[in-house]
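Asker: Test case, fold it:
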Amino acid sequence: MREILPITDYQKLDEINGQRVIEKEKKQKEFIKLYYNKKHIQDCCEEIGISRGTYYVWMRDERFREVIEGINEGIIDGLEMRVITIANQDEKLDVALKATTAFLNAKAKNRGWGKELDSNVNINLVADLRSKVLQAAIIT
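Answerer: Numbering: from 1, shown residues only. Predicted coordinates:
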């Protein structure tokens, strides 16, 4: 048979749980600030004292996930604009486009990036991307 705790003990449990929620929300806000300032997930976790596993549990929370995904979308938007800017410059184009497309291939799969290509095709992809970006820049 289960022991029934006095009301004051239940109140203490509620207070403890409430403090945990406040602490979690505080750490999530700290994480978001660090991540927004372009820190890596692992660095953010270490700085606020949580494990990566905790971060992935937090990602199940719709509000937290939406903020993180919003930050990611902003990064991807910036990189896509960078591709357009780089496409208008000839010097350092190859290296800059390869680095940018590598990031987009890893992080922007939902936008059509991320096809697995061998290195020979990647060179063609960069050239093709440059022409497409230039066409898009001219059209808009």
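Asker: which regions of the chain sit below the pLDDT cut-off?
Answerer: 1-18, 86-96, 115-140 (pLDDT under 70).
Asker: Do a quick rundown of the helices in it.
Answerer: Applying DSSP state H to the chain gives helices spanning 7-36, 41-48, 52-58, 62-87, 93-107, 119-139.
Asker: is it true that residue 28 touches residue 65?
Answerer: No: using C-beta atoms under 8 Å, residue 28 is not in contact with residue 65, being 10.8 Å away. Every C-beta, even on glycine, is put in place using the N, C-alpha and C of the backbone.
Asker: Pull up the overlap in contacts between those two.
Answerer: Both residue 28 and residue 65 are contacted by residue 58, under the criterion C-beta atoms under 8 Å, 6 or more residues apart in numbering.
Asker: These two - which one has more neighbours?
Answerer: Neighbour tally, residue 28 and residue 65, criterion other C-beta atoms under 10 Å: the higher count belongs to residue 28, 20 against 12.
Asker: which residues does the more buried one contact?
Answerer: Neighbours of residue 28 in contact, by C-beta under 8 Å, 6+ apart: 58, 64.
Asker: Any figure for the gap between residue 54 and residue 32?
Answerer: Residue 54 sits 14 Å away from residue 32, going by C-beta to C-beta, to the nearest Å.
Asker: domains of this protein?
Answerer: Listed by automatic domain parsing, the domain ranges of the chain are 7-60, 73-139.
Asker: Would you report the backbone torsion angles of residue 112?
Answerer: The phi/psi pair for residue 112 (degrees, to the nearest 10) reads phi 100, psi 0.
Asker: Could you check how many residues crowd around it?
Answerer: Using other C-beta under 10 Å: residue 112 sits among 8 other residues.
Asker: do the same with residue 67
Answerer: Residues near residue 67, counting by other C-beta under 10 Å: 17.
Asker: Is it in contact with residue 33, as I believe?
Answerer: No: look at residue 67 against residue 33 with C-beta under 8 Å: they stay out of range, at 10.6 Å.
Asker: Tell me the residues that contact both of these two, please.
Answerer: With C-beta under 8 Å, 6+ apart, residue 67 and residue 33 have no common neighbours.
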